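K.L.:
below: sequence and its predicted model.
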Amino acid sequence: TTSMFLLRRRGLSTLAAAAAEGGRFPRFEARLRTAEEAGTKQSMRLRQADRIPGVVYGVGDDGRRERLLVTCERKALMREMRRHTRSVESIIYELDLGDNSQPSLVTLRQIQLRAASDYVISANFLRFSRGRILHFPLTYLDADKNITLKRGGYIHRTAEFVKCQVDTDDLPLALTVSAAAGGKDHVFRMADIHIPPGLTLQANNLDQVIAVIKVPRG
């Protein structure tokens, strides 16, 4: 029989919700692909059956490195993508083979969409290990305290994501920048990003601009 995977989301503010559901982490199911499901034509058949082909790869903290072919339900993957949007690739999942072995930690990678649509055609899982570089989305807090923004100004972003080396498995869904202060043409820089413990910002220049406060003309 085909082994089943259980992927459990791990990220900021997920533990309370998971506990309410009776487990430490919410679950996401996938399974190993059989030999008959490998290959381009077989992947097309999987998609027609509303399943997404993918690969588990990389070396994890547990030393595992084998390349595994997997497939998951399209609806389940789309639900995670809608739920977490830009943060979906900075969430750690727990991968359980269901064979009494120690689960591996993974992150979603290389989610491929059909051109000009949100139709997912493949998604991979990279084994997590400390020291790995991950991309985190930026989010701006306290805009309701900024007079310029309250009067119609807006934040023009020049960077949506930043890279961080991660040395913890307790990852935020996004990195935050305070927008409480600053008027027209105020510049936000790399140095303004709040970096939590366990993460190291990968930036050669902390003065690099990540956003500017703009005011509409007229």
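P.N.:
On my side now, so go ahead.
K.L.:
the helix or strand hosting Glu94: what's the following helix or strand?
P.N.:
In this structure, Glu94 sits in strand 92-96 according to DSSP states H and E. Next along the chain after strand 92-96, taking DSSP H and E as the criterion, comes strand 104-113.
K.L.:
all helices for this protein, in order.
P.N.:
Using DSSP state H, the helices of the chain run over 15-20, 40-48, 74-84, 147-150.
K.L.:
so what secondary structure elements neighbour the strand holding Glu94?
P.N.:
strand 4-10, strand 104-113 (3 or more C-beta pairs under 8 Å, 6 or more residues apart in numbering; DSSP states H and E). Any C-beta I mention is one placed from the backbone N, CA and C, and that applies to glycine too.
K.L.:
hang on, the earlier thing: make TSV out of the helices of the chain and add mean pLDDT.
P.N.:
What follows is the helices of the chain, written out as TSV (pLDDT from 0 to 100):
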stretch	mean pLDDT
helix 15-20	37
helix 40-48	90
helix 74-84	90
helix 147-150	96
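K.L.:
for Asp169, which of those helices is the nearest?
P.N.:
Closest to Asp169 of these is helix 15-20 (C-beta to C-beta; 12.7 Å).
K.L.:
one step back: weakest of the helices and strands packed on strand 92-96 by average pLDDT?
P.N.:
Mean pLDDT per stretch puts strand 4-10 lowest among the helices and strands packed on strand 92-96, at a mean of 45.
K.L.:
about what we covered before: in CSV, list the helices of the chain along with mean neighbour count and distance to Val187.
P.N.:
Shown next, in CSV, are the helices of the chain (neighbours: other C-beta atoms under 10 Å; distance: least, C-beta to C-beta, whole Å):
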stretch, mean neighbour count, distance to Val187
helix 15-20, 11, 36
helix 40-48, 14, 45
helix 74-84, 16, 29
helix 147-150, 15, 13
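K.L.:
please consider this matter closed, and thank you.
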